[in-house]
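J.: Next input, structure requested:
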Amino acid sequence: MRVPTFLLLLFSLVGTASGQIQVDLKFKRLQYIAYEPLIATVTITNLAGRAIDLRDEAGHTWFGFEVTVGEGQILTPMNQEGEPPLRMEAGQTVTRKINLAHRFPVQELTTYHARAHIFFADLNKFFYSPSRAFQVGDARPIWQRSVGIPDGVAATGDARTYSILSNRFPDHTSLYVRVEDKSSGVVYSTFPLGRTVGAEEPQMELDPQNLLHVLHCSAPRTWTYSRIGLNGELVAHATFMETKTRPSLRRGPEGAIAVHGGMLERTVAPDVKRSGPKLSTRPAAPPDDD
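T.: All right, here's what the predicted structure looks like:
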């Protein structure tokens, strides 16, 4: 049977369209803690054979996600902030990292499925990544303190509660910090301070400005120091090595907290931004516990 020429042309166009844009989505791990940054890595590849422009059109945003929970219930995004247009040359691949915790209500302790989608206005067509699963749970609290907000500090409300949490993953245990206003139910930040090893208990101290200082053993003879602000920002982050002395937190004559003992190995400049990033920017980068 001979196939009409127009049908052959139609099949050819459909095949070409289906391969115009390739989208992939990955998460760094399967398990996350409620309220921590949930970073989705999206890779977009232009397979159109020509330069293309990705832009919002006809009521569609060109970049987005679909997140489902339970029996396929689609979650409504918490914000619909758009992304600037993106021009891609033929064969170009672009990778972006997006914090889904800023875009969707994914704090319930359950399993979610997500996929990224790209709207290509030239074809009036969506291209989707494969669906990826991630699980949200909560960690075991090992320490908690509620403090007032000192005069002159730019922070809303009257108090903050700091919590230090421990969570066991299949291959390691991580220490987390959470900062919240329990009276209003607002969680300002939850993020990992890094891996924790051995039987050494982490050390926690509050300074006169009610900033939290944490020192914990992150590897054999290696200690990680972190200082956290009242709005959940990571103010300082450093690594100390044991020498003839073991690092410890000490309080000075006027209440200032400092690390005594050991040897400073490196200081990491923290990224204190906690707002939801655009596609063109990198998300806030708390210590990497992987």
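J.: so who does residue 187 touch?
T.: When contacts are counted by Cβ atoms under 8 Å, 6 or more residues apart in numbering, residue 187 is found next to 35, 107, 178-180. Just so you know, the C-beta spots here come from the backbone N, C-alpha and C atoms, and that holds for glycine as well.
J.: Name the residues linked to it by a beta bridge.
T.: Beta-bridge partners for residue 187, by DSSP bridges, are residue 180.
J.: And residue 114, by the same measure?
T.: Residue 114 has the following beta-bridge partners by DSSP bridges: residue 67, residue 132.
J.: Give me the pLDDT value at it.
T.: For residue 114, the pLDDT comes out at 98.
J.: circling back: so can I have TSV of the contacts of residue 187 showing distance to residue 265?
T.: Conversion of the contacts of residue 187 to TSV gives the following (distance: Cβ to Cβ, whole Å):
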residue	distance to residue 265
35	30
107	35
178	27
179	26
180	31
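J.: Against residue 179, how distant is residue 235?
T.: Look at residue 235 and residue 179: by Cβ to Cβ, to the nearest Å, they are 12 Å apart.
J.: the more surrounded of the two?
T.: Between residue 235 and residue 179, residue 179 has the larger neighbour count (other Cβ atoms under 10 Å), namely 22 against 14.
J.: Show the contacting residues for that one.
T.: Contacts here follow Cβ under 8 Å, 6+ apart; on that basis residue 179 touches 160-163, 187-190, 228-232.
J.: make it 7 Å
T.: When contacts are counted by Cβ atoms under 7 Å, 6 or more residues apart in numbering, residue 179 touches 160, 162, 188-189, 228, 232.
J.: Likewise for residue 58?
T.: Going by Cβ under 7 Å, 6+ apart, residue 58 touches 121, 124.
J.: how does it look with 10 Å?
T.: With Cβ atoms under 10 Å, 6 or more residues apart in numbering as the criterion, the residues that contact residue 58 are 119, 121, 124.
J.: phi, psi of the second one?
T.: Comment: the main-chain dihedrals of residue 121 come out as phi -60, psi -30, following degrees, to the nearest 10.
J.: looking at the sheet around the closest residue to it other than its chain neighbours, what are its partners?
T.: Nearest-residue entry for residue 121: residue 57, 3.9 Å, with adjacent residues in sequence omitted and distances by Cβ to Cβ, 6 or more residues apart in numbering. With DSSP bridges applied, the residues forming beta bridges to residue 57 are residue 60.
J.: Next: residue 241.
T.: Listed beta-bridge partners, residue 241: residue 222, residue 263 (assigned using DSSP bridges).
J.: quick one, strands of the stretch 1-150 of the chain?
T.: Taking DSSP state E, counting those that start in this stretch, the strands of the stretch 1-150 of the chain run over residues 21-27, 31-33, 39-46, 52-54, 63-69, 73-74, 86-88, 93-99, 111-120, 125-128, 132-137, 140-148.
J.: quick revisit: out of the contacts of residue 179, which comes closest to residue 69?
T.: For residue 69, the nearest member of the contacts of residue 179 is residue 189. The distance, counting by Cβ to Cβ, is 23.1 Å.
J.: And that closest one, how far from residue 66?
T.: For residue 189, the distance to residue 66 - Cβ to Cβ - is 26 Å.
J.: The two: who's more crowded?
T.: Here residue 189 and residue 66 are set side by side on neighbour count (other Cβ under 10 Å), and the busier one is residue 189, at 21 against 17.
J.: circling back: residue 265: which of the strands of the stretch 1-150 of the chain is closest?
T.: Checking these against residue 265 by Cβ to Cβ gives strand 140-148 as the closest, at 25.0 Å.
J.: Burial check on residue 143, number of neighbours?
T.: Counted with other Cβ under 10 Å, residues neighbouring residue 143 total 16.
J.: swap that for residue 168, please
T.: Taking other Cβ under 10 Å as the criterion, the count of residues near residue 168 is 11.
J.: Perfect, that will be all.
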